[in-house]
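**Student:** sharing a model that was predicted from the sequence below.
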Amino acid sequence: MHGDEVSGFYVLEKLVSLLPEKFSGTLTIIPSANPLGLIHRQRFVPLDEEDLNRGFPPPPKARGVSAAYKHTLIQLGHAHDFIIDLHTFVLPCLEAGLFLPQSSEKNTALVKRFLQALDPETVFSMDIKREEQREASALGVYMIAQGKPFVAIEYPPVRQINEEFIALLADNLFHALSSLSSGNASSCTPSKEIHLFERQQVISQSTGLFVPTRKLRDEIKINDVIGCMIDSVSLAREEIHSPYQGTLTEIADRQLWRFGEKLATVGKRIA
């Protein structure tokens, strides 16, 4: 997790209570891959402002604490058969599974089975060669290139989830983990097929106080008003129109957002 993404901690705490005393295989849980960032409540490693989920693999003879962290994460990845990366979206959102192209048909089938059993509210297809190029140096992409099946989960921000929802997310994660065992495959038959969406992000063209006028799961058409921006000096309101059509999967809440920051994501169904 990034240092300021904490929803996964609450899900993992519930998950541990669901695990049986004995089970087949080895499960390694890393509560925080960035403990220094967690302590300082920031995304990056505070010693060098390095993003621990970018820059994989680190360059030869790279030095510093972040390079050491990254090499340790790579070693852990090589020692395991399936890798799950937990993240937290900044904006209020639907729980999302991130589906990246895998290195083989076998791994693709395994990841799809995991996502079907997880049953997230939406699944985004991550095309790292086109729309999602900024993810190309992430840990998961590198481990996929090493032949490892990998999946990422994005949880809603902690201010959006309650105990009941945390318990549901943990139960779904336990169910998905169980699906990875071939012996449990029949008992983990998915209730529905996964549908893949492309992320279409609405970026702020000004700085101000945002007021959302649409809700998560709303169907949005091109040019629909999704909110307005209040100028912090003049208090004038400016409508924010969506340049996309699809399902609203993220929408900013009432606070100040700066020029260039994401205000919403409109999911476009592609499969």
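**Tutor:** Now that the structure is in, tell me what you want to look at. Not measured: the values here are computed from a predicted model. Numbering: from 1, shown residues only.
**Student:** correct me, but R199 touches T265?
**Tutor:** Yes - using C-beta atoms under 8 Å, R199 and T265 qualify as a contacting pair, with a distance of 5.4 Å. Heads up, the C-betas are built off the backbone N, CA and C, glycines and all.
**Student:** from A167, how far out is the residue sitting furthest away from the middle of the chain?
**Tutor:** Relative to the mean C-alpha coordinate of the chain, counting by C-alpha atoms, centre = their mean, the farthest residue is S234 (36.4 Å). Relative to A167, S234 is positioned 46 Å away (criterion: C-beta to C-beta, to the nearest Å).
**Student:** ok, now V202?
**Tutor:** Taking C-beta to C-beta as the measure, V202 falls 32 Å from A167.
**Student:** so between the two, which is more surrounded?
**Tutor:** V202 (22 against 15; other C-beta atoms under 10 Å).
**Student:** below-threshold pLDDT in the stretch 101-250 of the chain: ranges please.
**Tutor:** Along the stretch 101-250 of the chain, the model assigns pLDDT under 70 to residues 182-192.
**Student:** okay, and I153 sits in which element?
**Tutor:** Per DSSP states H and E: I153 is located in strand 150-155.
**Student:** off-centre distance for the following helix or strand past that strand?
**Tutor:** Moving toward the C-terminus from strand 150-155, the first helix or strand encountered (DSSP H and E) is helix 163-179. Centroid displacement of helix 163-179 relative to its chain, using C-alpha atoms, centre = their mean, to the nearest Å, is 16 Å.
**Student:** how about the residue nearest the centre of the chain, what does it touch?
**Tutor:** Central residue check for the chain by C-alpha atoms, centre = their mean: the C-alpha nearest the mean position is that of E154, 2.5 Å away. When the contact criterion is C-beta atoms under 8 Å, 6 or more residues apart in numbering, the partners of E154 are 87-89, 93, 95-98.
**Student:** what is the nearest of those to N223?
**Tutor:** Nearest to N223 among the contacts of E154: C93, at 22.5 Å, using C-beta to C-beta.
**Student:** and that closest one, how many neighbours?
**Tutor:** Around C93 there are 22 other residues, counting by other C-beta under 10 Å.
**Student:** you'd agree it is up against A264?
**Tutor:** No - using C-beta under 8 Å, C93 is not in contact with A264; the gap is 9.6 Å.
**Student:** common neighbours of these two, please.
**Tutor:** The contact lists of C93 and A264 share 250-251, where a contact means C-beta under 8 Å, 6+ apart.
**Student:** now do the strands in the stretch 51-200 of the chain.
**Tutor:** Taking DSSP state E, counting those that start in this stretch, the strands of the stretch 51-200 of the chain run over residues 83-88, 96-99, 122-125, 150-155, 196-203.
**Student:** got these as CSV, with distance to W257 columns?
**Tutor:** Listed next are those as CSV, based on distance: least, C-beta to C-beta, whole Å:
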stretch, distance to W257
strand 83-88, 18
strand 96-99, 20
strand 122-125, 22
strand 150-155, 19
strand 196-203, 10
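**Student:** do you know which of those strands lies nearest L36?
**Tutor:** strand 83-88 (17.6 Å).
**Student:** and the contacts of E154, which is closest to S181?
**Tutor:** G97 (19.2 Å).
**Student:** who's in contact with S181?
**Tutor:** The neighbours of S181, taking C-beta under 8 Å, 6+ apart as the test, are 24-25.
**Student:** report the secondary structure element holding V266.
**Tutor:** With the criterion set as DSSP H and E, the secondary-structure element containing V266 is strand 262-269.
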